[in-house]
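Peer 1: no sequence on hand, only this structure:
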């Protein structure tokens, strides 16, 4: 593949893989990489103590209380019940968090595309481009799941208390950036392969069809 296209494609894939990898670690191992975050200034609780902040990640969630932060490694498809001082409660069910596991799958495909992008073989680079688009498709699905979780949590927290602020976490936006990078990487590899094919066809035509003058057609052999 043309080096002018190869280097940007590898760079885009590398950045997308790193970002998706960080998002896939998520809570509780990487507490800053949550998908949805809720600030409520002690208006609801999950037990005896009031919660000041709630962070939802892929593998668990973290709760900030007056005594400090507690993270729960619940694993894939967790659920959480919250309640306010008036006795009202809401449950964030596993159906809203189970789909977050798509992030690691997209990360694995991005890594495969990255490894294959180092090859100079045209067929391998084509497969790398296809895998990049497949990883982008899974990232679209993961991002849609993130949006659904954010919208659901915001709606439920609004019903539980009026003094809350539900925002998107860093993992939400890094997933979106990874999607853009994967699309750019796939397009870059495709354009590079097309340029190589056109360049090869032009060179073959020039070698097989040397230029001759107009009057040479009338010469006797």
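Peer 2: Perfect, thanks for sending it. Please read these numbers as outputs of a predicted model, since none were measured by experiment.
Peer 1: for the strand ranked longest in the chain, packing partners?
Peer 2: Counting by DSSP state E, the longest strand found in the chain is strand 36-45. The contact analysis (3 or more CB pairs under 8 Å, 6 or more residues apart in numbering; DSSP states H and E) places strand 36-45 against strand 50-56, strand 80-84, helix 122-160, strand 165-168. All C-beta spots, glycine's among them, are computed from the backbone N, C-alpha and C.
Peer 1: looking at those, which is nearest to residue 21?
Peer 2: Set against residue 21 and scored by CB to CB, these come closest in helix 122-160, at 12.2 Å.
Peer 1: who touches the longest strand of the chain?
Peer 2: With CB atoms under 8 Å, 6 or more residues apart in numbering as the test, strand 36-45 has contacts from 50-56, 66, 82-85, 146, 149-150, 153, 157, 160-161, 163-169, 172.
Peer 1: what is the orientation angle of it with strand 80-84?
Peer 2: When axes from the mean of the first three to the mean of the last three CA atoms, to 10 degrees is applied, the directions of strand 36-45 and strand 80-84 differ by 50 degrees.
Peer 1: what strands line up against strand 36-45, and which way round?
Peer 2: Using DSSP bridges, strand 36-45 pairs in its sheet with strand 50-56 (antiparallel), strand 80-84 (antiparallel), strand 165-168 (antiparallel).
Peer 1: check the helices and strands packed on strand 36-45 for me and report the most buried one.
Peer 2: strand 50-56 (a mean of 21; mean count of other CB atoms under 10 Å).
Peer 1: show residues contacting it.
Peer 2: Residues from elsewhere that reach strand 50-56 (CB under 8 Å, 6+ apart): 27, 31, 34-45, 61-66, 80, 82, 92, 97, 149, 153, 169.
Peer 1: could you do stretch 150-162 as well?
Peer 2: By CB under 8 Å, 6+ apart, the surrounding residues in contact with stretch 150-162 are 35-36, 38, 40, 43-44, 56, 82-84, 88-90, 92, 96, 164, 166, 168, 172.
Peer 1: please state the offset of it from the chain centre?
Peer 2: Here stretch 150-162 is found 25 Å from its chain centre; the criterion is CA atoms, centre = their mean, to the nearest Å.
Peer 1: what ranges of the protein fall below the confidence cut-off?
Peer 2: Scanning the chain for pLDDT under 70 picks out 1-6, 42-43, 47-49, 189-221.
Peer 1: contacts only, for the spatially most central residue of the chain.
Peer 2: Residue closest to the mean C-alpha point of the chain, counted by CA atoms, centre = their mean, is residue 175 at 3.5 Å. Shown in contact with residue 175 (CB under 8 Å, 6+ apart): 19-20, 23, 103, 139, 142-143, 146.
Peer 1: wait, residue 135 touches residue 114, no?
Peer 2: No: using CB atoms under 8 Å, residue 135 makes no contact with residue 114, being 9.5 Å away.
Peer 1: report how many residues lie close to residue 163.
Peer 2: Residues contacting residue 163 under the criterion other CB atoms under 10 Å number 10.
Peer 1: confirm it sits in a strand?
Peer 2: No: the assignment for residue 163, made by DSSP: H, G, I helix; E, B strand; the rest coil, is coil rather than a strand.
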